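Student: I'll drop the sequence and a predicted model, then ask my questions.
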Amino acid sequence: MTLMETPEALLARLELKVVRPLDGLLFGDYRGVFYGKSLELAEIAPYQPGDEAERIDWPATARTGEVHVRRFREEKELTLWLLLDGSPSMRFGSRRREKYALALELALSMAYIALRHGNRVGAVLPSGLLPPRGGKSQALLLAQEAQKEGPARPLAEGLDLLGRVARRRSLVFVLSDFLDPFAEALARLAARHDVVAVLVEDPLERALPEGGVWRFRDPERGLEVEVNAFDPRVREAYRKRAEALRAHRIREIGKVGADLLLASTEMDLLPLLLGLVERRRRWPSRAQKPSS
């Protein structure tokens, strides 16, 4: 990744352009994003007006003949974990930024918000492991460490590493293009934690523009191929193959019960994060996952 800003400048820009406007729009109400609805089951109680339908406990309702709901106890301090995939394919970008640059900006924005609200943030980065800590200095350290180069680690290896070090139930954001095999490792992580999979993509990965001869290079294996985008049959074949691959990744993420956020390199951060807030508020309860 080409460094265009110092870590300090990057954080200052995100605070000014993203975090403060987001805070103004939400009035500090990030509970739906960071705490969810499922940290710890407190009780099963009779339904009261205002209880959400998604919290209905059907076995208790059937057993008693009266509608019962699950109520939860929220922890005051949250640990937020971030996994930034540093594989070569994440260094691609045809629009405003590389995929890794977008993932980093999203991760830093979420970390900054979590730290401002007294939570701890840790990360699995290409350069290594950043243990969870609180305070604004942790955001600066994250920005510094995430911009360092590191060995290409398979996504599944990073997921399993996070699973070993995150001992208590946490909120986990996995920022990746999910081109590596990931399903089994993500399932193991999602069984113990509240996981949000951020699928980072680029428009050129989904469709070719009309016209031109494009040269593609596989960053993982170094293979190169030329694609004639003047031919509509080539463009359609490319689109269908890309859509099939994308649909497969989305299905695999859904199967493990992780939330999904789609992030493309031509998008602005603010609407992306607003969309995440609204989606998380509607996301079904994950109360049945065991605590650790």
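Tutor: Received the coordinates, thanks. Note that the structure is a prediction, hence the values are computed from the model and not measured.

Student: quick one: the strands in the stretch 51-200 of the chain?
Tutor: With DSSP state E, counting those that start in this stretch as the criterion, the stretch 51-200 of the chain has strands at 68-72, 79-84, 120-125, 128-133, 171-176, 194-201.

Student: Let me have those strands in a markdown table, adding distance to P154, mean pLDDT and mean neighbour count as columns.
Tutor: The C-beta positions use only the backbone N, C-alpha and C, and glycine is treated the same way. Listed next are those as a markdown table, based on distance: least, Cβ to Cβ, whole Å; pLDDT from 0 to 100; neighbours: other Cβ atoms under 10 Å:
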| stretch | distance to P154 | mean pLDDT | mean neighbour count |
| --- | --- | --- | --- |
| strand 68-72 | 35 | 73 | 18 |
| strand 79-84 | 12 | 96 | 24 |
| strand 120-125 | 12 | 96 | 24 |
| strand 128-133 | 15 | 95 | 15 |
| strand 171-176 | 11 | 96 | 26 |
| strand 194-201 | 16 | 95 | 24 |
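
Student: could those strands go into a markdown table alongside distance to D259?
Tutor: Below are the strands of the stretch 51-200 of the chain laid out as a markdown table (distance: least, Cβ to Cβ, whole Å):
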| stretch | distance to D259 |
| --- | --- |
| strand 68-72 | 17 |
| strand 79-84 | 14 |
| strand 120-125 | 18 |
| strand 128-133 | 20 |
| strand 171-176 | 9 |
| strand 194-201 | 4 |
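
Student: between those strands, which gets nearest to L104?
Tutor: strand 79-84 (6.4 Å; Cβ to Cβ).

Student: For the closest one, name the packing helices and strands.
Tutor: Secondary-structure packing of strand 79-84 (3 or more Cβ pairs under 8 Å, 6 or more residues apart in numbering; DSSP states H and E): helix 99-116, strand 120-125, strand 128-133, helix 155-165, strand 171-176.

Student: I'd like to know which elements the third one is packed against.
Tutor: The criterion is 3+ Cβ pairs under 8 Å, 6+ apart, and the helices and strands that strand 128-133 contacts are strand 79-84, strand 120-125, helix 136-146, helix 155-165.

Student: Can you lay out these as JSON lines showing distance to L108?
Tutor: Shown next, in JSON lines, are these (distance: least, Cβ to Cβ, whole Å):
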{"stretch": "strand 79-84", "distance to L108": "9"}
{"stretch": "strand 120-125", "distance to L108": "10"}
{"stretch": "helix 136-146", "distance to L108": "6"}
{"stretch": "helix 155-165", "distance to L108": "18"}
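
Student: Show me the one of these that comes nearest R233.
Tutor: Checked against Cβ to Cβ, the stretch from these lying closest is helix 155-165, at 33.1 Å.

Student: Brilliant, that's me finished.
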